[in-house]
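K.L.:
got a structure for you, letters missing:
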């Protein structure tokens with residue numbers, strides 16, 4: 001039953017792919033590249049992706065991809081065609097006309113594809129692995145390699161199984177962990193041997209146990225044609241390191257080039273003498289002999305996008321490496337390349353010996369680029385493709401070639417010569433839905449990573465093949481001269497657009513070109529003022545064209561010369577080196593037909609003519625000038641040197657005997673200016689270098705202000721003279737520290753220091769600013785004294801140095817001009833203390849009140865009998881003691897009267913009733929500063 005179901009799925013896949021191959025476009029090209037074959041693979045309720053594309057010598061094309069069945073109508077258990085996650089990989093072969101030849105399903109997803117010279121096809125990738133137990137929620141992937149003949153027959157396969165890595169198991173099934181054995185790339189040599197690169201963890205069996213040193217190691221394996229392992233080694237470092245081997249190639253000598261990421265300290269020559277490289281998340285490119293011995297290794301320091309390193313080789317075994325980075329790129333040679341956008345694209349070329357030949361980046365502000373494909377044409381032209389978001393400049397030179405993704409995600413295709421010089425580019429905007437904003441949503445693991453263009457292949461006819469995945473309707477004609485659209489056919493049950501696979505071929509122009517477009521100049525090197533003469537253009541072979549001469553100042557960006565539309569061109573007298581070419585204009589969308597470039601070189605004096613100043617450029621009074629180094633100029637003809645000096649930087653005179661490249665001046669006592677003049681034949685133009693000035697400074701004769709006194713809150717002008725530069729300290733209270741005459745407004749008395757200099761000559765002086773603070777005056781708390789007593793006033797005065805004191809009135813004071821005089825007032829009095837600070841800055845006052853209390857007169861008897869004489873108890877003076885308390889008791893100690901401040905005298909009653917004649921006792925508490933307590937008896941008479 002399962003076999004029948006499997007066969008139905010295989011037939012469905014084959015038939016669906018065959019149907020969706022049509023229609024494909026066949027049309028002539030009128031721009032650098034335009035589609036002449038275009039087809040899609042898709043179907044209802046399924047996502048279809050492609051990962052790799054390669055061509056063979058017969059013009060056939062091989063594509064790897066993956067189908068995800070959203071309705072899960074396929075067998076939900078692992079089978080040769082599909083797996084429990086509802087998806088399956090496939091390898092398809094198409095003829096040169098785009099017709100399906102055969103398709104092979106397999107479990108998993110391909111990462112790499114190789115076509116051997118024999119025509120055998122190898123696929124490498126990753127597939128899900130069964131969990132060790134039902135309770136294990138962790139994720140396990142196995143690496144696989146499949147080797148087919150060109151008819152799709154499986155010759156052999158290999159699997160590197162997961163399950164040996166020690167990872168936790170979460171009993172709550174909330175946190176899955178990963179054990180991932182991953183196959184990345186595979187390549188074949190002339191004999192059909194293969195080299196494959198993997199990522200491994202744990203201790204998998206690779207025809208023998210091999211143990212990862214870190215969390216993950218890169219693994220390199222070489223197989224013979226029958227899949228037997230010839231040798232293997234892993235690249236790793238101890239600890240929680242992640243090392244990856246991502247790309248592999250063979251050169252003409254069957255040497256092996258590997259690229260990936262290095263992390264920690266890694267031995268890159270495990271089969272030979274150890275070669276350790278220590279780095280962190282750094283790109284590496286290494287070359288090995290056929291026996292696996294390291295020949296050389298290079299690193300690129302960058303925050304690069306992992307899983308997206310691409311390699312290619314040209315016909316001379318030069319190596320091209322391409323990737324994406326979100327940081328400065330340091331290739332270890334020359335200045336680092338700064339970041340241009342959020343994520344840039346870079347390309348570098350190395351010789352077969354590992355020498356860096358060039359390195360370049362491209363992007364645009366706030367834009368994102370992700371490389372996905374790199375290929376070399378038969379003429380060593382370089383083709384780059386990838387996905388991007390925003391506005392990007394794909395010309396790494398100073399000129400601009402802008403592509404715009406139109407607010408969504410687009411693909412780009414660009415061509416460069418073997419030196420990395422931009423040739424042409426176009427974009428297919430809106431290749432997929434979604435707006436990734438400013439994030440790195442194109443990178444590995446994102447929703448968009450496996451969409452858009454995924455790979456490129458260029459055959460010996462310079463035909464360019466791209467494959468990838470798209471959504472909605474996309475016009476694959478990037479030329480602007482036609483419409484070649486595909487509409488995604490995948491719609492899921494929720495009516496959402498899914499993903500279809502596309503394959504597109506762009507073929508060089510099929511138009512008959514106009515040839516023999518040459519330009520010749522009689523002379524190309526000119527001295528200033530010389531007419532270069534006519535540039536002669538050839539008579540082209542062909543028809544239906546017009547002439548247009550163009551010029552450029554940098555040999556990159558050419559502009560039309562107005563009116564220069566004849567066969568020949570007479571350029572003006574050059575004022576700078578200028579580049580000319582002739583364009584033959586044929587049709588609007590035709591490939592540019594331009595002649596060779598004629599360079600009119602304006603001969604100038606040898607350059608560069610620069611001199612390096614000595615370390616010391618200034619002396620105090622006099623000094624010995626150091627050695628001056630002159631540059632070695634590039635020149636045509638002979639170069640003569642002459643050093644000159646000047647004391648005014650206007651009139652220079654030759655220095656006798658100073659006619660070498662460098663010069664060692666003698667000691668000087670005045671400021672002197674030096675330069676070097678070059679004379680270069682044949683034009684005999686003299687050009688001076690930059691000027692180096694050696695300054696001799698006189699010792700300053702400085703002065704500074706005298707000591708200053710100022711009221712707090714006011715400022716005082718400090719003045720220094722005699723110098724060029726001034727530096728005051730401390731900065732507190734100063735209006736400026738670097739001028740001759742700052743205003744000082746300190747809060748406290750401050751000693752200022754001024755450093756006066758004439759460059760190297762320095763003198764230091766000091767000035768004191770005395771600050772008169774505002775006094776704080778407290779005349780003291782109010783006082784009470786008994787009549788006839790003396791009291792010293794305890795006034796507190798702070799910040800009163802040099803101040804004067806004045807008490808008013810002066811009555812009863814022993815000295816009204818001191819802070820703490822003695823007072824002996826006869827009556828209540830209030831004194832005011834007035835303090836006048838030094839220099840009359842501030843006048844501050846405060847008051848203190850003195851209450852003078854009289855002696856009490858207490859009678860010994862009174863007669864409250866209503867006769868109007870002695871009817872109440874009168875205690876003279878008690879009412880002046882406002883806090884006093886009078887209490888009267890009978891002989892039994894019973895309180896019969898109490899009064900505070902004795903405002904109303906006692907009338908001899910208790911609770912409104914008269915009390916009997918007798919002796920009564922009193923207690924008087926004054927409750928003043930004396931704290932006196934008076935007691936006695938009073939006789940009450942009726």
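P.N.:
All right, it came through fine. Bear in mind the structure is a predicted one, so any value in this text is a computation, not a measurement.
K.L.:
what pairs with the helix or strand in which residue 465 is found, parallel or antiparallel?
P.N.:
Secondary structure assignment for residue 465, by DSSP states H and E: strand 464-470. Next to strand 464-470 in the sheet, as set by DSSP bridges, lie strand 452-458 (antiparallel), strand 500-507 (antiparallel).
K.L.:
tell me the average confidence for it?
P.N.:
Averaged over strand 464-470, pLDDT sits at 94.
K.L.:
next, format the strands paired with strand 464-470 as JSON lines and append mean neighbour count and mean pLDDT.
P.N.:
In this view, the C-beta of every residue, glycine as well, is placed from N, C-alpha and C. Formatted as JSON lines, the strands paired with strand 464-470 follow (neighbours: other C-beta atoms under 10 Å; pLDDT from 0 to 100):
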{"stretch": "strand 452-458", "mean neighbour count": "24", "mean pLDDT": "94"}
{"stretch": "strand 500-507", "mean neighbour count": "25", "mean pLDDT": "92"}
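K.L.:
those strands: which one's closest to residue 357?
P.N.:
strand 452-458 (20.5 Å; C-beta to C-beta).
K.L.:
any chance of the strands paired with strand 464-470 in TSV, with distance to residue 196 too?
P.N.:
Output for the strands paired with strand 464-470, formatted as TSV (distance: least, C-beta to C-beta, whole Å):
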stretch	distance to residue 196
strand 452-458	18
strand 500-507	25
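K.L.:
so which of those is nearest residue 787?
P.N.:
strand 452-458 (108.7 Å).
K.L.:
would you mind listing the buried residues in the helix or strand hosting residue 785?
P.N.:
Element membership of residue 785, judged by DSSP H and E, is strand 783-786. The neighbour-count check on strand 783-786 (16 or more other C-beta atoms under 10 Å) flags 783-785 as buried.
K.L.:
let me see the ranges of the helices in the stretch 251-400 of the chain.
P.N.:
Read by DSSP state H, counting those that start in this stretch, the stretch 251-400 of the chain holds no helices at all.
K.L.:
for it, give me the ranges with low pLDDT.
P.N.:
305-306, 398-400 (pLDDT under 70).
K.L.:
and the strands in it?
P.N.:
With DSSP state E, counting those that start in this stretch as the definition, the stretch 251-400 of the chain shows strands at residue ranges 256-267, 276-288, 294-300, 310-313, 319-325, 344-350, 356-362, 368-376, 382-393.
K.L.:
please name every helix or strand in contact with the shortest one.
P.N.:
The one in question is strand 310-313. strand 244-250, strand 256-267, strand 319-325, strand 368-376 (3 or more C-beta pairs under 8 Å, 6 or more residues apart in numbering; DSSP states H and E).
K.L.:
run the chain-centre distance for that strand.
P.N.:
29 Å (C-alpha atoms, centre = their mean, to the nearest Å).
K.L.:
would you check that residue 109 makes contact with residue 123?
P.N.:
No: in this structure, residue 109 is not within contact of residue 123 by C-beta atoms under 8 Å, at 10.0 Å.
K.L.:
contacts for the host helix or strand of residue 114?
P.N.:
Assessed by DSSP H and E, residue 114 sits inside strand 109-115. Identification of contacts with strand 109-115 by C-beta atoms under 8 Å, 6 or more residues apart in numbering yields 51-56, 62, 64-66, 87, 89, 91, 121-127, 182-188, 194, 196.
K.L.:
re the thing from before, so between residue 109 and residue 123, which is more surrounded?
P.N.:
residue 123 (27 against 22; other C-beta atoms under 10 Å).
K.L.:
could you pull out the buried residues of the host helix or strand of that one?
P.N.:
Using DSSP H and E, residue 123 maps to strand 121-128. By 16+ other C-beta under 10 Å, the buried positions in strand 121-128 come out as 121-128.
K.L.:
equivalent analysis for stretch 919-931, please.
P.N.:
Quick answer for stretch 919-931 (16+ other C-beta under 10 Å): 920, 922, 924-928.
K.L.:
cool, stretch 51-69 as well?
P.N.:
Residues of stretch 51-69 classed as buried by neighbour count (16+ other C-beta under 10 Å): 51-56, 60-69.
K.L.:
likewise for stretch 822-841?
P.N.:
Quick answer for stretch 822-841 (16+ other C-beta under 10 Å): 823-825, 829, 831, 833, 835-838, 841.
K.L.:
nearest residue to residue 732 in space, please, no chain neighbours.
P.N.:
What sits nearest to residue 732 in space, not counting adjacent residues and going by C-beta to C-beta, 6 or more residues apart in numbering, is residue 746, at 6.1 Å.
K.L.:
now residue 879. Its backbone dihedrals?
P.N.:
As for residue 879, its main-chain torsions (degrees, to the nearest 10) stand at phi -70, psi -10.
K.L.:
show me where the stretch 1-150 of the chain has strands.
P.N.:
Taking DSSP E, counting those that start in this stretch as the criterion, the stretch 1-150 of the chain carries its strands at 34-41, 46-55, 61-69, 87-94, 100-106, 109-115, 121-128, 139-148.
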